[in-house]
Every structure is written in structure tokens, then in C-alpha cells.
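**Q** sequence and predicted structure, then a few things I'm wondering about:
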Protein chains: 2
Amino acid sequence: MLTQQPRNGRAPSVKDVAAAAGVSLGTVSNVLNRPAVVSAATRERVERAMAELGFVRNESARQLRAGTSRALAYVMLDGGNPFFHDVAEGIETAAEDADLSLFVCNSSGRSEREAKHLDRLLQQRVQGILITPVDPDAPHLADLAQRGLPFVMVDRFSRAGGHCSVAVDDVLGGRIAVEHLIDRGHRRVAFVGGPASIGQVRERLQGARAVWAEFGMPEEDLIHLPTEALTVNEGRSAGERLAGLPSRRRPTAAFCANDLLALGLLQHAVTAGLRVPDDLAIVGFDDIDFAAAAAVPLTSVRQPRQELGRTAARLVLDEATNPAHVHEQATFVPALVARASTGTVRR
Amino acid sequence: MLTQQPRNGRAPSVKDVAAAAGVSLGTVSNVLNRPAVVSAATRERVERAMAELGFVRNESARQLRAGTSRALAYVMLDGGNPFFHDVAEGIETAAEDADLSLFVCNSSGRSEREAKHLDRLLQQRVQGILITPVDPDAPHLADLAQRGLPFVMVDRFSRAGGHCSVAVDDVLGGRIAVEHLIDRGHRRVAFVGGPASIGQVRERLQGARAVWAEFGMPEEDLIHLPTEALTVNEGRSAGERLAGLPSRRRPTAAFCANDLLALGLLQHAVTAGLRVPDDLAIVGFDDIDFAAAAAVPLTSVRQPRQELGRTAARLVLDEATNPAHVHEQATFVPALVARASTGTVRR
DNA sequence: CACGCCGCTTGAAACATTTCAATCCCACCC
DNA sequence: GGGTGGGATTGAAATGTTTCAAGCGGCGTG
């Protein structure tokens, strides 16, 4: 409820408030930061002046004086994938609890955009950075560490170490997905995913292969259908390749490296007249909301998305504030969520 | 490539760079801001010093001096809806062109979170705010205007005026959706959407009713199935209510106020054994990527999502920099994207 | 030779806030 | 009445950057 217009475009400062309330500027600052120390009468006078002038603290001046901002940042890999949005929500709740702002950036999988964002965040003097990097071993990430800026890798690991990370056990995720399919009676299964440069993809495939071997299945019956990205489009195109296989080699089930691929594959299957799960069972990964919302609800390997974010935020805050901080690789256990897309046991 | 460790935790400042390069701090600033004015030899010396120290501009000090930050902000309504993410991308490209940062916030449909975000952004002294508000007539929005802070409403209008806005013609959107269904031979149609407090919903319904009447269809054959939100879940529950109608009243097609509802409805229809589009045709609104990715690709009313964002950013920048700025209500024309969910002509 | 100009560099001021030592004032106690 | 303690307030310093008027030299011109 501000009663005065901002005169001459400049926003009112503590100095203006002090003048209006007839106190020194130190007192105004005390009202803002240590209200207990100032007498009730004065405090009320100052508060009234602030309201009348429409005073708003200038965050840059605070920061300058404090030497650090009161913000965290999350640089996400793909804003188009709801998975990352959910992670961001987890981070935000934790940031809010610590009374910090969160800057959410999106690299869209492009390394140069990522670098640009990081540069900006460095200039902003954020307290810490959470990132799902395009390349976990990129030099600009090592730079961050050398600068002593707290940072945590989310949903990725780097060989280098020197920082915390938070992720799900992807090998295990691959295992439970494929074990579920074997349970359902499938003896020929496709793994849909790529490129191999993504650690996640490699590990999920590795888990799949491990459990496949443990059940004594012939190696050639776990068919890898590589994709160029983890997108709906690539899932569709994998579906075409799958349909093109000679029928004696055609899998009865597919395990997709993420849910977007699975949705694309599902779409292709349905338009091609395949019944899901009878003709083709599908398992995704991440368990985004759209997996449960698909026409044939998708079985998926759930990652605790929000929890991932919250933990990452906790770790970066610990690194920022606790001198005795030691780096930690937090690993979560994925869980299979069975839905209609793998609904029936195959004989 | 920084060769020195940051000593004593403080980041190096222009002063440190000046000392290292043996010049005054004004010269360092010149190198940063007006490189042409400083001699090549000096410039190189300074640049080397900056690289060695790992100097990074302190944005808060810049801001403090400049009186304004170099950032825009977008407060989105629902981060879980990909529509808003696409709008944000459009804004970001425009912000990047203007060499501004973009802060993306998410109110999650909660007014108090929105207010909190706005408060923070005010403290940050952002140059302008783009917002898809929870309530276009909320008092904290009027506050912004009174403060003289440039702001633009995205995908919403307010009665009050006093600011720019950018949106699609929702009445027209409703018209083309329903006209398409009439074209396809449907004579009993459901409108799925709510709550009525959302202007969009009202206008889309209004357009639907208008065209329905113009074609001389009986009013009672356009059935409104109200929902409590624009979510997948609500779409599902609308599907249940729809299936529960006596068959002589049951519509052969549904027009959903957005794509999330449509996806939920589609899911319910498929699990209930209805064929889409033969038993039930479905039209959504927004044309998010997941609409095209659905098992039965969804016909939808496309909004130029990125364009919306870019235009909004342009307007807010104009307001921020052009003293002769006049407020503008930019309206875009929606377009029907026909897909399989309304694929066949009904006889 | 003196003057002016030009290219480059400098130093100080300004931005808004927080902090902290110093001061002030009042009441209370001896 | 003087001293003391303590609560409330003050004023100055410090944060890192940008800007701008002023200074400095050297060179060319009259």
C-alpha cells in the first residue's frame, strides 16, 4: 500500500526512509535486520515510513556488502523433459527452507549455453551451483571446483570427483526393469537408448545385460536399438526399426532408457496396430507424470525426483556453510512401478 | 585457466587486477567496458592479469552502480505444464538477444508463492517482469504497475489495463475447435474444462457456444463437463463422468480446454475400451509436444508458444527502454492442428 | 618556441546496504 | 548529587564497480 509515487524514477533507499522517519540510516537498517534492538515507537515510525514510500531493499547493495548472494542455481540439462522440472521443484523446496532464491537455468543439452549460464552465475556470486551437465568432465566444471564454489552434480557422476553428486543407481535400475520383463515371460527383449556417451544409458544397459546373463538368457536375445537422443521422436524411430526386424528376431518387449523414448515407442506401436502389452510390452525410466498419463499407462523405473533435488540442495548448502564438509556421492535406489504397458504374463 | 588460488576466500576485484597489472583501477574498468580507448599494450597486460587471477566481474557491484540489473523475469503459472516451458524458451531467446539474463520462477498456481517471487524480483531490481498470473486482478500486480516497473501479462488479460499483454484469441480458438468437430460430423459434443474463474476457460467455451449456435445446433447438445483444474487427473475424471451419461445424451466428441485434460480423457477412453476417434473424438488446446506424442496423436488448437514469449519479451523491453512506449494488447491467431484423435468423418 | 590538441591514464565520487564502535540519554543506586 | 549501567541511536567505514572530469605527455602546427 504505497501512497507516494516514486519520485524521479529512483527507488527510495534506506536514506530516504531515515529522513522520512526522522532517524539515522543505521536505525532503519536495525529495523530491518535486528528489530529487537530498536524501541517499539521508533520501529513503528520507521515501518510506517517504509510503507508510505514503498521501500524495497536493494538486493545488490546487500550482496555487495555481504560478499555473497542469497541464492542457489540449478542448471538443468533439458527443460523439455519433465523429469528435470520435478528435480528443480525438489531443489526449490529446500532452497525455500533455507530462505534462499533459486535460479533455474536450462542448457538444452548445449555445452556453450551451459558455459554461458555458469559464467553468469559466477558473476552473480551464487552460493552454490547444482547442475546436470552436458558433459560431466567438461573443463568449465573443473574450473568451478578450483574456484572453491560449492557445486553438486545431479543425476550424473564424474570420474574426477572433488564434489558431491546425487543420482540413482542406474545399473540397478536396468536390472529391475529387465528382471521384471523376464518375470513376465519375455525371452527376447530390446534395449532402446543412446547415445553411449551418456553415462546413464551405458549403466542402464549394463544392468540389463547383467541380469539377462544371470538368468542364463542368450546374449543375442537382448537387442540394443541405439538412439541419437532421449526424445519422443527417437523413440518413434526406434519403433520403426523394431517393427522392421524379421519376426523370429523381433522382441516381445522393450526397455527404454527413459520415458520420452518409451512414449515415442508406444505411439509407434499403437499406430502400427500392435497391442501393448500383448504384442509388445514397454518399460520406461524416470516415471515422469506423463508415463502414468499415457493411453496405455507405462511401467517405469521410478527415480525419487524431488528427493534427488532436495538432497542435492542439502549437500550444496552443507558445502557452502560447513567447513568440515566432506564430499558425498548420494545414491538412491530406483523402484519399479508396474502398470498396464507390461500388464500380462506371457506364456 | 586460472593459475592462482583465490587467496583468503575473497574473489579478486578490479583493484587486485589493477595492482597485478600495474595500472589504475579505472583502466581495468576501461578494458572491460571500453576496450577501444585503452592502448593495446596496456590492454593485453590487464587481460593477462585478469586471466591469471581468475577475475570475474561482481554483478552486484555493477548493478548497484548502474541502478538496475541486467535481467528479466518470467513468473510462470504451472511449471508442470510444458506449455509454459515453451513460452519461457521464447522469452529466453529474446532476452539473450538483448544480452539480458532471465530468471524463471514458478508460482505453481499459488498466489502467495507468486507474491513471494514478485517481492524477490523487486528486490533484485529486474528490468521487467513477464507473468502468467494466478489472478490477473490480484492487488500485488497493480502494485507493480504503480511502481512503474515494466511488466507484461502472458496468456492472460486483466480488466484493469495499464500494461501490455500477449495472448491468443481464445474465443476464436474455441470456435475453430468446435467448427472442426461439426465438420467431422459430430452433433453432440462435450466441452471439458474449468474452473470458470479462469478467463481462458470461459472464452474458449464462449467461442464453442457461439459457433455451435451459428450452425443451428440445439444448445443442450453442447454439454459442459466442468473440471476443477486443467490437469491430466481432471481429464480422467471427466472421462468417467462422460462414460456415465445415458447413451442417448453421450457426446461423440470432446473439446478440452487444454491438452493435459485431453490426455487424461484420452487415457480414460482407451482403458474403457472406447476407440478414438471412432467412438469418441478429442480436441485439445495448446498443442504441447506431448499432444503430438500421444498414442493416438491429439488434434489440438495450436498457440504460437515461443512466439508468445518472444513478443512478450519485446514488449517489456520496449517499455523498459522506450520513453514513448504505449501499452499494447498483442493477440495471436490460434490454428487447428488436425491429427488422428479426430481423424474420421462421422456419418 | 609556445600553444593546443589528442590519446591514454588516473583518481575520486557515487551507488545502497550492513556493521560496529562510539555516543547519548535516562534511570537507578549509592 | 555524582556515578554507573544499559538500552537506544548514531556516524563512519567498507563492499566492487562505473563514470567522468582532470591530468599527463608527446607531437604537430603556427
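**A** In hand now; what should we look at? Because the structure is predicted, anything quoted here is derived from the model rather than measured. Numbers count the residues shown, from 1 in each chain, chains lettered A, B, ... in the order given.

**Q** mind jotting down where the strands sit in the stretch 1-150 of chain A?
**A** A:71-76, A:101-106, A:128-131 (DSSP state E, counting those that start in this stretch).

**Q** helix or strand with the lowest mean pLDDT in chain A?
**A** Scoring the helices and strands of chain A by mean pLDDT, DSSP states H and E places helix A:139-147 at the bottom, with a mean of 90.

**Q** elements contacting that helix?
**A** helix A:111-124, strand A:151-154 (3 or more CB pairs under 8 Å, 6 or more residues apart in numbering or on different chains; DSSP states H and E). C-beta coordinates here come from the backbone N, C-alpha and C atoms, glycine included.

**Q** again, only this time at 7 Å
**A** Here helix A:139-147 touches helix A:111-124, going by 3 or more CB pairs under 7 Å, 6 or more residues apart in numbering or on different chains; DSSP states H and E.

**Q** give me the number of residues near A:E219?
**A** 8 (other CB atoms under 10 Å in any protein chain shown).

**Q** measure it to B:A262 for me?
**A** 43 Å (CB to CB, to the nearest Å).

**Q** so how far is DNA strand C from A:R339?
**A** 51 Å (CB to the nearest atom of the strand, to the nearest Å).

**Q** verify the stated contact: that residue with A:L298.
**A** Yes: counting by CB atoms under 7 Å, A:L298 is a contact partner of A:R339 at 5.8 Å.

**Q** who's more crowded, the two?
**A** Each of A:R339 and A:L298 had its neighbours counted (other CB under 10 Å), and the higher figure belongs to A:L298 (28 against 20).

**Q** what is the burial count for the residue in chain A that DNA strand D sits nearest to?
**A** Using CB to the nearest atom of the strand, the closest approach of chain A to DNA strand D is made by A:G26 at 2.6 Å. Using other CB under 10 Å, A:G26 has 11 neighbouring residues.

**Q** against A:P35, how distant is it?
**A** In terms of CB to CB, A:G26 sits 14 Å off from A:P35.

**Q** before we move on, what about A:A19?
**A** In terms of CB to CB, A:A19 sits 20 Å off from A:P35.

**Q** more neighbours, the two?
**A** Neighbour totals were compared for A:A19 and A:P35, and A:A19 leads with 16 against 12 (other CB under 10 Å).

**Q** now that we're looking at the more buried one, what pLDDT does it have?
**A** Looking at A:A19, its pLDDT is 94.

**Q** mind checking how far the residue of chain A closest to DNA strand D is from chain B?
**A** 19 Å (CB to the nearest CB, to the nearest Å).

**Q** what sits against the nearest residue to A:R339 once chain neighbours are set aside?
**A** In space, and not counting its chain neighbours, A:R339 is closest to A:P297: 3.9 Å by CB to CB, 6 or more residues apart in numbering or on different chains. Counting by CB atoms under 7 Å, 6 or more residues apart in numbering or on different chains, A:P297 touches A:R339, A:A340, A:S341.

**Q** nearest spatial neighbour of the second one, chain-adjacent residues omitted?
**A** Excluding the flanking residues, the one nearest A:A340 by CB to CB, 6+ apart is A:P297, at 4.7 Å.

**Q** tell me if the one you found really is in a strand.
**A** No: secondary structure assignment (DSSP: H, G, I helix; E, B strand; the rest coil) places A:P297 in coil, not in a strand.

**Q** look at it and report its pLDDT.
**A** 97.

**Q** for chain B, what are the nearby residues on chain A?
**A** A:2, A:6, A:54, A:56-61, A:63-64, A:69, A:79-80, A:82, A:85, A:101, A:103-104, A:120, A:122-125, A:146-148, A:232, A:263-264, A:266-267, A:270, A:289-290, A:293-296 (CB under 7 Å from any CB of the partner chain).

**Q** kindly state the beta-bridge partners for A:H224.
**A** A:F191 (DSSP bridges).

**Q** mean pLDDT and mean neighbour count for the strands of the stretch 1-150 of chain A - can I get that in JSON lines?
**A** Shown next, in JSON lines, are these (pLDDT from 0 to 100; neighbours: other CB atoms under 10 Å in any protein chain shown):
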{"stretch": "strand A:71-76", "mean pLDDT": "97", "mean neighbour count": "25"}
{"stretch": "strand A:101-106", "mean pLDDT": "95", "mean neighbour count": "24"}
{"stretch": "strand A:128-131", "mean pLDDT": "97", "mean neighbour count": "26"}
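
**Q** format these as TSV; extra columns: distance to A:L242.
**A** Formatted as TSV, the strands of the stretch 1-150 of chain A follow (distance: least, CB to CB, whole Å):
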stretch	distance to A:L242
strand A:71-76	30
strand A:101-106	31
strand A:128-131	34
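
**Q** present these as CSV; the columns should include distance to DNA strand D.
**A** Output for the strands of the stretch 1-150 of chain A, formatted as CSV (distance: least, CB to the nearest atom of the strand, whole Å):
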stretch, distance to DNA strand D
strand A:71-76, 17
strand A:101-106, 19
strand A:128-131, 19
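
**Q** how does chain A divide up, domain by domain?
**A** As assigned by automatic domain parsing, chain A contains the domains A:7-57, A:68-167+A:305-330, A:170-304+A:336-342.

**Q** between those domains, which gets nearest to B:H186?
**A** With CB to CB as the criterion, B:H186 lies closest to domain A:170-304+A:336-342 of these, at 20.8 Å.

**Q** low-scoring stretches of the stretch 1-150 of chain A, by residue?
**A** A:1-9 (pLDDT under 70).

**Q** return the residues of it in contact with DNA strand D.
**A** Contact residues, the stretch 1-150 of chain A versus DNA strand D (CB under 7 Å from any atom of the strand): A:23-27, A:29-30, A:37-39, A:41-43, A:61, A:64-65, A:67.

**Q** which residues touch stretch A:211-231?
**A** Residues contacting stretch A:211-231 (CB under 7 Å, 6+ apart): A:175, A:178-179, A:182, A:187-195, A:205, A:208-209, A:234, A:238, A:241-242, A:251, A:257-258, A:260-261.

**Q** how far does it stretch from one end to the other?
**A** Taking CA to CA, to the nearest Å, stretch A:211-231 runs 26 Å from one end to the other.

**Q** from B:A229, how far out is the residue nearest to A:A340?
**A** Counting by CB to CB, the gap from A:P297 to B:A229 is 20 Å.

**Q** just A:R125 next, same as before
**A** 39 Å.

**Q** check contacts around A:L266.
**A** A:V276, A:I282, A:A294, A:V296, A:L298, A:S341, B:A295.

**Q** repeat the analysis, applying 10 Å as the threshold.
**A** Residues near A:L266 by CB atoms under 10 Å, 6 or more residues apart in numbering or on different chains: A:232, A:235-236, A:239, A:254, A:256, A:259, A:274, A:276, A:280, A:282, A:284, A:291, A:294-298, A:341, B:293-295.

**Q** what about the stretch 151-300 of chain A, any weak spots by pLDDT?
**A** For the stretch 151-300 of chain A, no range has pLDDT under 70.
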